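Q: What follows is a predicted protein model with its sequence.
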Amino acid sequence: MTIGVFIFAVALVATVALILINGYNDLVKYRNRYKNAYSQIDVQLQRRYDLIPNLVETAKGYMKHERETLEAVIAARNSAMNANSRAVQNPGDPQAMQQLGNAEAALAGALSRFMVLSESYPELKADRTITQVMEELSSTENRIAFARQAFNDAVTLYNTKSESFPSNLVANTFNFTLAELLPEANPEVRNAPRVSF
C-alpha cells in the first residue's frame, strides 16, 4: 500500500467518522430543543391549571345550582393535568401527545360550557375576581398557543433532521425515534374562552 492510498483511506475514515459524530450531535441538540420547548408549554399549562380552581371556587357562590358544570370543569382540569404529567416525562411521544391533545380539548370544551352558562348570572359577570381570573386565563391561552407553536416547530426540525440523509442512518443506528406534534384543539374549542363582563 502506498502512502497516497494510506492517506486517502485515513482521510475517508476520518470524514465518515466526522459525519457520523456531527449527525449524532445534531440529533441530540434538536431533541433537547423540542424537550425544552415542551417545558415552556408545561409552565403555561400549570399556570392555567392553577387558575381554574380559583375560577370555579369564585363561581360556586353564584352558580349554586350548576354543580355538574363546575364539577365537569374540575374533572377535565384533573384529566388534563394527568395527561400533561405523562407528556412531561416523554415529550414528543405519540401516545402522550395524543392523550394530552384530547384532554386539553375536553378541558377547553368544559370551560366553554362554563362560560356560556355564566352568561345567565349577571352578578357573576360583575365579580372582580372572576374578571381578573378570566383575563389571566385569556393571557395564558395566548401563551400556550405561542409555546405550542415553538414546540411544534422544534419537533418538525428534529423530525426533518432525523429523516434526512445521512442523519437518518445515525438516527436509525442509535434509536432516535420521530417525535409527535402536539395537536391543536378541535376547531370549535380552539379559541380561548371569552366572556364579556
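A: Thanks, I have the structure now. Note that this is a predicted model, so its numbers are computed, not measured. Numbering: from 1, shown residues only.
Q: pretty sure Ile52 contacts Ile74?
A: Yes. The criterion here is CB atoms under 8 Å, and Ile52 meets it with Ile74 at 7.3 Å. Any C-beta I mention is one placed from the backbone N, CA and C, and that applies to glycine too.
Q: Comparing the two, which shows the higher neighbour count?
A: For Ile52 versus Ile74, neighbours defined as other CB atoms under 10 Å are more numerous around Ile52 (22 against 15).
Q: what residues are up against that one?
A: Ile52 sits next to 73-74, 77, 111, 137 when contact means CB atoms under 8 Å, 6 or more residues apart in numbering.
Q: how much space between it and Gln132?
A: Distance, Ile52 to Gln132, using CB to CB, to the nearest Å: 14 Å.
Q: now Pro122
A: Distance from Pro122 to Gln132, by CB to CB: 18 Å.
Q: When these two are compared, which one has more neighbours?
A: Gln132 (14 against 10).
Q: Local confidence estimate at the more buried one?
A: At Gln132, the pLDDT value in this model is 88.
Q: pretty sure Lys125 contacts Glu119?
A: Yes. Using CB under 8 Å, Lys125 is in contact with Glu119, at 7.3 Å.
Q: The two - which one has more neighbours?
A: Taking other CB under 10 Å, Lys125 and Glu119 do not tie; Lys125 has more neighbours (16 against 11).
Q: how far away is that one from Tyr24?
A: For Lys125, the distance to Tyr24 - CB to CB - is 57 Å.
Q: How about Val56?
A: Look at Val56 and Tyr24: by CB to CB, they are 48 Å apart.
Q: residues in contact with Ile19?
A: Pro166.
Q: Kindly list the longest helix within this structure.
A: helix 3-60 (DSSP state H).
Q: picking that back up, out of the contacts of Ile52, which end up buried?
A: When the contacts of Ile52 are checked for burial by 16 or more other CB atoms under 10 Å, the buried set is 73, 77, 111, 137.
Q: Now intersect the contacts of Ile52 with the helices, please.
A: Counting by DSSP H, those contribute 73-74, 77, 111, 137 to helices.
Q: Show me which pair in those is furthest apart.
A: By the measure CB to CB, Ile74 and Leu137 form the most distant pair in the ones in helices among the contacts of Ile52, at 14.6 Å.
Q: and Arg47, what is it in contact with?
A: 136, 140, 143.
Q: quick one: it from Ala83, how far?
A: From Arg47 to Ala83 the distance is 16 Å (CB to CB).
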